[in-house]
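Enquirer: Sequence isn't available, so here's the structure alone:
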C-alpha cells in the first residue's frame, strides 16, 4: 500500500519508519531562506543532491543501503550516502523510485543500491527536474543517530523532494536529511 504524499512531506521515510514500528519523526517545516549555511546551499536548489554533495565533500558519493523493498513497480530504500573515500556520512534518507520510469539498465543499477539516483539519472542522461516539496528542521532520534554514527546537534536539516521526468511523470520521492556540520 502506498500512502498519499499530498499531506505527508516525510513520505517515503514515514512509510518506512511505520513499517519498522518506529515513532514518528519530530520535525517542522521551515522557510528555505531561514536555513543556516551550509544547509541552505546544499538543500535549496532544483538539482540533484548527489552533485551538490560531491562538490561540497570533494568526493564521489556511494550508497550504504540500510533497508530496501521492491515490488517490481516501486523500489523503496532507506540509505546513508557516504563519500567514496573514507565513507563519511553525507546524507540519510529514504527514497521511493518508480521503476517503470527508467530504462532497464538504470533500473538494474537502482536495485543494486550502490549509486545514488541522481548520479544514475545524470550518467544515463535521463531528463528530469527536481522540485523540493518542503524544507525540514529535524530532531535527530535514535535511528538517525545510528545511521550517521553520531549527531552532535539538537537539530539537523533536510528536504522533501520529488523528481519528475519532463513528461511530468514522477520518477522518485525522496526525504534527504543532512548530518550536523
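Expert: Nice, I can see it. What you are looking at is a predicted structure, and each value in this text was computed from that prediction instead of being measured.

Enquirer: just checking, what packs against the helix or strand residue 147 falls within?
Expert: Assessed by DSSP states H and E, residue 147 sits inside helix 142-148. Helices and strands touching helix 142-148, by 3 or more Cβ pairs under 8 Å, 6 or more residues apart in numbering; DSSP states H and E, are strand 89-98. No exception for glycine: its C-beta is placed from N, CA and C like everyone else's.

Enquirer: Name every strand pairing with the strand it packs on and say which way it goes.
Expert: According to DSSP bridges, strand 89-98 has the following sheet partners: strand 74-83 (antiparallel), strand 170-177 (antiparallel).

Enquirer: those helices in the protein, which residues are they?
Expert: For the chain, applying DSSP state H gives helices covering 13-19, 39-43, 49-57, 104-112, 117-123, 142-148.

Enquirer: how about the helix holding residue 147: buried residues?
Expert: By 16 or more other Cβ atoms under 10 Å, the buried positions in helix 142-148 come out as 143-144, 147-148.

Enquirer: Just put the strands paired with strand 89-98 in a markdown table and tack on mean neighbour count, mean pLDDT and distance to residue 158.
Expert: Formatted as a markdown table, these follow (neighbours: other Cβ atoms under 10 Å; pLDDT from 0 to 100; distance: least, Cβ to Cβ, whole Å):
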| stretch | mean neighbour count | mean pLDDT | distance to residue 158 |
| --- | --- | --- | --- |
| strand 74-83 | 21 | 95 | 12 |
| strand 170-177 | 24 | 96 | 4 |
